[in-house]
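Asker: here's my sequence, what's the structure:
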Amino acid sequence: MEKKIISTTNAPGAVGPYSQAVKVGNLVFTSGQIPLDPATGDLVGGDVQKATERSLENVKAILEAAGTSLDKVIKTTVFVKNMSDFAAVNEIYAKYFQKDMPARSCVQVVLPKDALVEIEVIALAE
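Answerer: Purely as a prediction, here's the structure:
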């Protein structure tokens, strides 16, 4: 199988030696997306729900660049700065994944740029 690098200006560029996503066969693996505004490069912070929305919008843009969408996501990993934000993150997450929910893990970690949330996904693609 061939490895294809996915890149879009509709999501923040990589801030290190990695790709926004990699497509192998019919699977797309995104890198974790912190809530960076792709237009400004600024971190969306202060409100975990706004941060979650921005992270998911970044994931959505990358998936679209790969020719797929959020409804094709089969696995997500959600990293939170504070597990006490779990319910607030879930509230926004549920707006993006409304049916045929993907499998998910959620862990508390220290995140780059002191972000409140980071989200990565694996999705099916054509």
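
Asker: what ranges does this structure have for its strands?
Answerer: 3-6, 21-24, 27-30, 73-80, 103-108, 117-124 (DSSP state E).

Asker: pick the most deeply packed of the ones you listed.
Answerer: Of those, the one with the most neighbours on average (mean count of other C-beta atoms under 10 Å) is strand 117-124, at a mean of 23. (Each C-beta comes from the backbone N, C-alpha and C, glycine too.)

Asker: how about residues contacting that one?
Answerer: For strand 117-124, contacts defined as C-beta atoms under 8 Å, 6 or more residues apart in numbering pick out 26-35, 48, 51-52, 55-56, 59, 63, 66, 68-70, 72-81, 85, 89, 102, 109, 111-112.

Asker: related to what we said a few turns ago, out of the strands of the chain, the one nearest Asp42 is which?
Answerer: Of all the strands of the chain, it is strand 117-124 that lies closest to Asp42, at 15.4 Å by C-beta to C-beta.

Asker: ok, back up a step: distance to Pro12 added to the strands of the chain, as JSON lines?
Answerer: JSON lines is the format used below for these (distance: least, C-beta to C-beta, whole Å):
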{"stretch": "strand 3-6", "distance to Pro12": "13"}
{"stretch": "strand 21-24", "distance to Pro12": "12"}
{"stretch": "strand 27-30", "distance to Pro12": "12"}
{"stretch": "strand 73-80", "distance to Pro12": "16"}
{"stretch": "strand 103-108", "distance to Pro12": "22"}
{"stretch": "strand 117-124", "distance to Pro12": "12"}
